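Chemist: Mind looking at a prediction? Sequence and model below.
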Amino acid sequence: MSFSIIIPSRNATNLTACVKAVRAAGETASIIVVDDGVDWNQCDFDRVYPQFHIVSGQKPFVFARNCNIGIRAAGEDDVVLLNDDALLEGDRGFSILALASTDRDYGVIGATTNLTGQVLQQRRCNQGIVRQVPHIAFVCVYIPRRTLNTVGMLDERYCLDYGVEDRDYCEAVNRAGLKVGVSDWCYVDHGSLTSSFRGDPKAPRSFQQNLRLFREKWGITG
C-alpha cells in the first residue's frame with residue numbers, strides 16, 4: 001500500500017531532525033511538509049531535501065486544519081501524521097504500521113512513544129503487531145485512506161485552545177464501527193525535542209475549551 005508522511009512544521013531544527021530520523025529508519029515514502037513558517041535556510045537535509053513536497057499551511061495555526069491540507073495533498077495515499085518533534089526509531093516503523101493497517105477492522109493505528117498523555121501508548125514487550133486501545137494521541141498515527149473516505153478528515157473546530165482533535169477523531173472511528181490501535185513495533189521518541197506549536201509536552205496548555213466542544217459534539221457527560 002502507498003502512504004505519504006505529513007509533517008506540519010515551522011521549526012527548521014525540529015524538521016531537520018525529524019526527516020533525518022525517518023530516512024535513517026529506511027522509510028522512502030513521500031514526505032509532505034505543511035509549512036507554517038520554516039526558515040529553509042536553516043535546514044540541513046543533504047540528499048533528502050529534494051524528496052519533499054512542500055505545501056503552505058494556513059494561519060493562525062490549527063493542527064487539524066494544517067493536517068487536512070496535507071491529507072488533501074497526499075491524493076489517494078494512506079497518510080502518516082507525524083509531529084515534527086517525534087523522532088522515528090528502529091527499522092521501517094511506518095511500513096510496519098502500513099502492514100498492520102491491512103487488518104480492516106482498524107481505522108487508525110498509532111506508534112508507541114515515551115511521552116504522551118495516553119499511557120496505553122507506551123511501549124509494551126511481546127505484544128504482537130497491533131493492540132486495541134480506546135484512543136491515542138496523534139504524535140504519530142497511520143490513517144488508511146479508506147478511513148478518511150468513511151469518517152472524513154480532522155474536525156477543524158478544535159482551535160479554541162489545546163488538543164482534543166485526536167480524541168475526537170478516535171471517537172468518530174469507534175462510532176463508525178472501527179478499532180483504534182497502537183503498534184509496539186513502531187516507536188517514536190517524543191521527549192527530545194520541543195513542539196513547534198504546542199510548547200513543552202511535559203507542561204501542555206489548557207484544553208478545557210476543546211474538551212467542552214468534544215463533550216457537546218458527542219453528547220458525553222462527566
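Modeler: Noted; the coordinates are in hand.

Chemist: which residues touch the worst-scoring helix or strand of the chain on mean pLDDT?
Modeler: Least confident helix or strand, the chain: strand 52-56 with a mean of 89, by mean pLDDT, DSSP states H and E. Residues from elsewhere that reach strand 52-56, judged by CB atoms under 8 Å, 6 or more residues apart in numbering: 19, 30-35, 45, 69-70, 73. For the C-beta atoms, the positions are set from N, CA and C on the backbone; glycine is no exception.

Chemist: By neighbours, which of the residues you listed wins?
Modeler: Neighbour tally across these (other CB atoms under 10 Å): the maximum, 27 neighbours, falls on V34.

Chemist: tell me how far the longest strand along the chain is from the chain's mean position?
Modeler: Scanning the chain for the strand with the most residues, using DSSP state E, yields strand 179-189. Strand 179-189 sits 11 Å away from the centroid of its parent chain (CA atoms, centre = their mean, to the nearest Å).

Chemist: Show the secondary-structure elements that that strand is packed against.
Modeler: Other elements packing on strand 179-189 under the criterion 3 or more CB pairs under 8 Å, 6 or more residues apart in numbering; DSSP states H and E are strand 87-89, helix 93-100, strand 106-113, strand 131-133, helix 165-175.

Chemist: Give me the angle between the longest one and strand 179-189.
Modeler: Translated: helix 165-175. Orientation check (axes from the mean of the first three to the mean of the last three CA atoms, to 10 degrees): helix 165-175 against strand 179-189 gives 150 degrees.

Chemist: If you average the pLDDT over helix 165-175, what comes out?
Modeler: Mean pLDDT, helix 165-175: 97.

Chemist: For that helix, what is the distance to the chain centroid?
Modeler: The answer for helix 165-175 is 13 Å, by CA atoms, centre = their mean.

Chemist: ok, back up a step: can you pull the buried residues of the next helix or strand after the longest strand of the chain?
Modeler: Remark: after strand 179-189, the chain's next helix or strand is helix 208-218, criterion DSSP states H and E. Burial within helix 208-218, assessed by neighbour count using 16 or more other CB atoms under 10 Å, is assigned to 210-211, 213-214.

Chemist: Could you list the residues in contact with helix 208-218?
Modeler: 155, 157-158, 160-165, 167-168, 171, 175, 220-221.

Chemist: do you know how far P134 is from G181?
Modeler: According to CB to CB, to the nearest Å, P134 and G181 sit 11 Å apart.

Chemist: neighbour count winner among the two?
Modeler: The neighbour count for P134 versus G181, taken as other CB under 10 Å, is higher for G181 (24 against 12).

Chemist: What distance do you get for the more buried one to A12?
Modeler: To A12, G181 is 33 Å away according to CB to CB.

Chemist: how about the helix of greatest length in the chain: buried residues?
Modeler: Scanning the chain for the helix with the most residues, using DSSP state H, yields helix 12-24. Of the residues in helix 12-24, 12-23 count as buried by neighbour count, 16+ other CB under 10 Å.
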